[in-house]
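Student: Everything below, folded, please.
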Amino acid sequence: SFFIRKRRAAAPFLSGHHPIVRARARLGLPASSAHLARCGAMLSFGATTHARNWMFSEARLLELRHATQQQAAAKLKAAIADAPEESAGGAGVVALSVEEEALLVLFYERQLQLICKREHAEDARRFTPRLMLTAQTYLKRYFLKVSTLEEEPKEVLLAAIYLAAKVEEENVSLSDLIPK
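Tutor: Predicted coordinates for the structure are as follows:
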């Protein structure tokens with residue numbers, strides 16, 4: 001029947017006898033996830049790009065945050081050094097620590113949640129939990145690579161919500177976000 005033929009068609013791919021799998025194996029590459037999906041094979045989470053590029057241990061997270069903070073602090077010191085003497089109001093400026101930056105990002109994550117929950121309470125079809133979680137993911141990922149000293153977190157928060165709305169195919173316009 002159809003289901004038996006489908007299983008047999010996928011079996012060579014799963015067993016490594018499929019020509020694409022053999023070719024990729026000769027090159028030292030993993031099997032294509034798109035081809036796996038077309039053949040009906042399940043891809044384990046560990047083999048996904050999300051797992052490879054965005055899953056970090058606590059130590060690695062701290063290392064990434066520290067590197068980002070150090071780069072931003074160096075830029076801040078260079079900007080202060082290059083400033084003219086008459087505008088030397090930044091002589092006593094001290095960069096945020098890694099812990100302070102993490103707390104600031106956490107504060108803006110909470111603000112994002114409040115905005116989404118308030119808007120979702122008004123209209124259950126908009127600002128869904130899925131949009132909120134996607135926006136939080138974008139916010140967290142962005143601030144792993146860019147310091148809060150370099151970008152205004154509120155602007156990044158609004159951009160994350162807007163981008164998440166587009167990705168999750170929800171109707172959110174810029175005018176919905178500006179007064180928030």
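
Student: Show the secondary-structure elements that the helix or strand in which Glu119 is found is packed against.
Tutor: Per DSSP states H and E, Glu119 falls inside helix 98-122. In this structure, helix 98-122 packs against helix 58-82, helix 129-145, helix 153-167, with contacts taken as 3 or more Cβ pairs under 8 Å, 6 or more residues apart in numbering; DSSP states H and E. (Glycine included, C-beta is placed from N, CA and C.)

Student: Worst mean pLDDT among those helices?
Tutor: Among those, helix 58-82 carries the lowest mean pLDDT, a mean of 90.

Student: Run the angle between that one and helix 98-122 for me.
Tutor: In terms of direction (axes from the mean of the first three to the mean of the last three Cα atoms, to 10 degrees), helix 58-82 departs from helix 98-122 by 100 degrees.

Student: so which of the helices and strands packed on helix 98-122 gets nearest Ile178?
Tutor: Closest of the helices and strands packed on helix 98-122 to Ile178 is helix 153-167, at 7.9 Å (criterion: Cβ to Cβ).

Student: residues making contact with the helix or strand following the closest one?
Tutor: Counting by DSSP H and E, the element after helix 153-167 in chain order, helix or strand, is helix 174-177. With Cβ atoms under 8 Å, 6 or more residues apart in numbering as the test, helix 174-177 has contacts from 119, 158, 161-162.

Student: Of these, which is the most crowded?
Tutor: Among the contacts of helix 174-177, the one with the most neighbours (other Cβ atoms under 10 Å) is Ile161, at 27 neighbours.

Student: who touches stretch 101-117?
Tutor: Contacts for stretch 101-117 (Cβ under 8 Å, 6+ apart): 65, 69, 96, 127, 129, 131-132, 135-136, 139-140, 143, 147-149, 153-154, 156-157, 160-161, 180.

Student: can you tell me the average pLDDT over that stretch?
Tutor: Mean predicted confidence for stretch 101-117 is 95.

Student: Now that stretch - C-alpha only, CSV.
Tutor: Output in CSV follows, covering the C-alpha atoms of stretch 101-117 (Å, rounded to 0.1, in the frame of the first residue of the first chain):
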residue,chain,number,x,y,z
GLU,A,101,24.0,44.9,31.7
ALA,A,102,22.4,41.5,32.3
LEU,A,103,20.0,43.2,34.7
LEU,A,104,19.2,45.9,32.2
VAL,A,105,18.4,43.4,29.5
LEU,A,106,16.2,41.4,32.0
PHE,A,107,14.3,44.7,32.8
TYR,A,108,13.6,45.2,29.1
GLU,A,109,12.5,41.6,28.7
ARG,A,110,10.0,42.2,31.5
GLN,A,111,8.8,45.4,29.7
LEU,A,112,8.4,43.4,26.5
GLN,A,113,6.3,40.9,28.4
LEU,A,114,4.1,43.6,29.9
ILE,A,115,3.5,45.3,26.5
CYS,A,116,2.6,42.0,24.8
LYS,A,117,0.4,40.8,27.7
